[in-house]
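Asker: with the input below, show me the fold.
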Amino acid sequence: HRSNFMLPYTLGGDRRLRRYASALDASTDYRVLRRLPRLEEMWMTSMPHGPDIRIGVIDIETTGLAENAKIIEIALVKVSLIDGQLGDMSSPLSMFEDPGEPLADDIARLTGLSDLYLAGKRFDEELLADQLDDVDVLLAFNASFDIPRLRRRFDWLDHPAVCAMRDYDWAGAGYEGRTQRALLNHAGLFYSPHRAEIDTTALAVLISLPAADGRTIAAHIVDHGKRPRARIAAHGAPIEIKNRLRERGYRWESDRRMWTIEVDPAAAADEERALRTICQLIRPQREVVDWYDRYSG
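Answerer: Residues are numbered from 1 along each chain as shown. Have a look, this model is predicted:
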């Protein structure tokens, strides 16, 4: 990622190694990835007034991808924006819960968690509710996965939500890749391993990077996410046209078992006509969603 604006961090470390990295960066033969910045290396905006918005960057680990999979880890980092700039970032809060069943081998390998480590643990709901009390909006990288599962686990969770993956035009901003790790790699950063706590910290850093107008990517995600959208479902679409739907921007929602797309409400009628042109069997259904119910599951 190339930006004319200052990055929101300054990495410390061995000066000699930093000179080597800069020399490699100047060459067309090499590309250097740098570690994720620590909290104390992040630059914060100092303003006389309080934050305009406080974002709860959240991530979960689960026992699997199924709708009824259980959450085994939750991590939260709070990011405050002032005039679109990074005003504050908290240390990560992480908590665990015993799912009451053995972890699958692939989940144990992916998360580094074990049945022994999770045994007897429970989420501290009172602490989580207290930490979310001053949060204006939740932000997850894949909100369609995380937010419905969080709301099923915590029925008191009623925050609006935005999605880092869907509420920002990464490709249009010059980023390559679709995963969080790939986007950070494109920005010249790396991190490991795959765990909710480090994933949440990495996402908080990613959305703190500057967009083309100098504001944080987080500010753009919130601006886009809060706008109402028309969700159109392609009911009755035969499986033979799935590639045409995918090319048009439709996503398969496994929980609801349907192809859907979100468009500006003013463009909804045109999209429905386009669907009928693709296949007369399709019965488009439209609903207007806002950031409170967009990721309600």
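Asker: and the average pLDDT for stretch 46-64 is what?
Answerer: For stretch 46-64, the mean per-residue pLDDT is 89.
Asker: do stretch 160-172 as well
Answerer: Mean predicted confidence for stretch 160-172 is 96.
Asker: can you check stretch 88-108 too?
Answerer: 96.
Asker: may I see the buried residues of it?
Answerer: 89, 90, 92, 93, 94, 95, 96, 97, 99, 103, 107 (16 or more other CB atoms under 10 Å). The C-beta positions use only the backbone N, C-alpha and C, and glycine is treated the same way.
Asker: in helices only, show me these.
Answerer: Secondary structure from DSSP state H places residue 107 of the buried residues of stretch 88-108 in helices.
Asker: of the buried residues of stretch 88-108, closest to residue 211?
Answerer: Distances from residue 211 to the buried residues of stretch 88-108, taken as CB to CB, are shortest for residue 89 (17.4 Å).
Asker: for residue 125, which residues are in contact?
Answerer: When contacts are counted by CB atoms under 8 Å, 6 or more residues apart in numbering, residue 125 touches residue 154.
Asker: low-confidence ranges, the stretch 151-297 of the chain, go.
Answerer: The model of the stretch 151-297 of the chain has pLDDT under 70 over residues 297.
Asker: residue 24: how many residues sit nearby?
Answerer: 12 (other CB atoms under 10 Å).
Asker: isn't it right next to residue 30, touching?
Answerer: Yes - using CB atoms under 8 Å, residue 24 is in contact with residue 30, at 4.2 Å.
Asker: how about the strands in the stretch 101-250 of the chain?
Answerer: 137-140, 161-163, 189-190, 229-235 (DSSP state E, counting those that start in this stretch).
Asker: got the end-to-end distance for stretch 44-61?
Answerer: Stretch 44-61 has an end-to-end distance of 29 Å (CA to CA, to the nearest Å).
Asker: related to what we said a few turns ago, which one of the buried residues of stretch 88-108 sits closest to residue 284?
Answerer: residue 107 (37.5 Å).
Asker: coming back round to it: TSV for the strands of the stretch 101-250 of the chain, including mean neighbour count and distance to residue 268?
Answerer: Shown next, in TSV, are those (neighbours: other CB atoms under 10 Å; distance: least, CB to CB, whole Å):
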stretch	mean neighbour count	distance to residue 268
strand 137-140	24	24
strand 161-163	25	20
strand 189-190	18	38
strand 229-235	20	4
